[in-house]
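# sequence first, predicted coordinates after that:
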Amino acid sequence: MSFMLLDLAATRAFIGGRDEKLSHAVRDNFGADLAASDSWFGSEIDRGAPTAYQALEAVINGGPFDEEFAFQYGYAYKRLCELTGYRLSNDNFCPIRVSWLPELDKAMAGLGITAVSVSELTWSLPAPLPFTDLPGYGEWTAEDCAKGLAQWEATTEEQRRAVDPMTLEVVEECVSWLWAARRKPGFGVVGFLS
């Protein structure tokens with residue numbers, strides 16, 4: 001999983017924004033990554049999937065999208081987020097079992113933190129990008145982050161001590177993202193599962 005802090009509205013506006021400078025910036029900054037992706041997904045490209053750069057151009061142009069190869073548009077959107085966002089610490093999420101995320105959400109809810117859900121950071125890409133399982137994507141708006149931080153600040157030491165120490169460490173990492181969002185007004189958190 002990877003997490004970033006960014007201006008959600010501005011990033012969503014890249015989809016169909018037809019910004020050629022952005023396309024060139026991704027190619028310049030992620031050239032090796034684009035080539036590695038094309039090598040990794042070579043068999044899918046042979047079956048008709050767009051190359052990594054073709055998928056990036058489709059995202060920037062707002063389509064057309066081939067739903068059979070939706071994963072390529074997801075990775076293209078991830079590159080746009082990486083180019084314009086700020087990476088957030090994910091030390092406690094590598095490696096992680098996705099099946100554990102609901103348990104983390106349950107621990108957070110037990111502390112009263114219900115405004116944000118880590119599981120929601122693995123769902124699906126923003127419209128009009130087609131649905132894909134991988135990469136999973138989700139976001140916490142600036143408002144979600146503010147509410148979640150207020151909920152954390154309302155917890156007591158006693159409540160925190162009642163949480164398994166390893167789980168609490170992961171919760172605290174999530175809280176660090178909420179603090180980062182507070183320091184950048186209007187910014188939210190996005191997560192990618194790949």
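Ah, there it is.

# quick check: longest helix of the chain.
Identified as the longest helix of the chain according to DSSP state H is helix 165-183.

# list the buried residues in the helix or strand A32 falls within.
In this assignment (DSSP states H and E), A32 forms part of helix 31-40. For helix 31-40, the buried set under the neighbour-count rule, 16 or more other C-beta atoms under 10 Å, comprises L34, S37, D38. C-betas here are computed from N, CA, C, even on glycine.

# right, and the helix or strand after the longest helix of the chain?
For helix 165-183, the following helix or strand on the C-terminal side (DSSP H and E) is strand 188-193.

# tell me the average confidence for that following strand?
Per-residue pLDDT values over strand 188-193 give a mean of 94.

# that one vs helix 165-183, what angle?
Between the direction of strand 188-193 and that of helix 165-183, the angle (axes from the mean of the first three to the mean of the last three C-alpha atoms, to 10 degrees) works out to 140 degrees.

# can you give me the angle the host helix or strand of Q54 makes with helix 31-40?
When elements are assigned from DSSP H and E, Q54 belongs to helix 52-61. An angle of 110 degrees separates the directions of helix 52-61 and helix 31-40 when computed by the same axes, to 10 degrees.

# what packs against the helix or strand that helix 52-61 is followed by?
The first helix or strand that comes after helix 52-61 along the chain, using DSSP H and E, is helix 70-84. For helix 70-84, the contact count by 3 or more C-beta pairs under 8 Å, 6 or more residues apart in numbering; DSSP states H and E identifies strand 2-6, helix 8-12, helix 20-29, helix 52-61, strand 136-140, strand 188-193 as packing neighbours.
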